[in-house]
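# my questions are about this predicted structure, shown below with the sequence.
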Amino acid sequence: MELLDIGDVSERSGTSPSALRYYEKRGLIEAISRKGLRRQYEPSILPRLALIRLCQAAGFTLEETAEMLPDEPRFTLDRDKITARADDIDAQIEDLEKLSKLLRHIAKCTAPSHAECPNFQAVLNSLPHKKVPR
């Protein structure tokens, strides 16, 4: 079996060597051996890293990601957690669309002042009362 050293894994996955070492420290990945000071990984690490990136993009913490990561090549992710995260993202999209609508109205509003614009006031009142992620 051909092993990949940390530089190869970094180049192929787009994950920095420091992130790979951090993931290993957190138990998300495992080096099989070392060649000198360079960590060696099985090629199966690449899809695992892609899954870690997917979880990060979806907003899962590393702890949540570690709980969902499989130990074997065939696996099933926690469908309830994935569905809940998708629902959260849908809610964020809805909130961001409202914010975008308000900003576009502010930019194009022809009222003498925004305080006098009923459309502005209606959109402003429809915004959620929670923080919108940046």
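In hand now; what should we look at?
# switch to C-alpha atoms for all contacts and neighbour counts from now on
Will do.
# pLDDT score for the residue positioned nearest the centre of the chain?
For the chain, the residue sitting closest to the mean C-alpha position, by Cα atoms, centre = their mean, is Ala57 at 1.5 Å. pLDDT recorded at Ala57 is 93.
# strands along the protein, start to end?
Ranges of strands in the chain, per DSSP state E, are 4-5, 33-35, 38-41.
# by mean pLDDT, show me the worst of those strands.
Looking at those, the weakest mean confidence is strand 33-35, a mean of 85.
# now that strand, how far from the chain's geometric center?
A distance of 31 Å separates the centroid of the chain from that of strand 33-35, by Cα atoms, centre = their mean, to the nearest Å.
# what about Gln40, neighbour count?
Neighbourhood size, Gln40 [other Cα atoms under 10 Å]: 21.
# now it: closest residue in space, sequence neighbours ignored.
Using Cα to Cα, 6 or more residues apart in numbering and skipping the chain neighbours, the partner closest in space to Gln40 is Asp5 (4.3 Å).
# please report how far that neighbour lies from Ala58.
Separation of Asp5 from Ala58 (Cα to Cα, to the nearest Å) stands at 28 Å.
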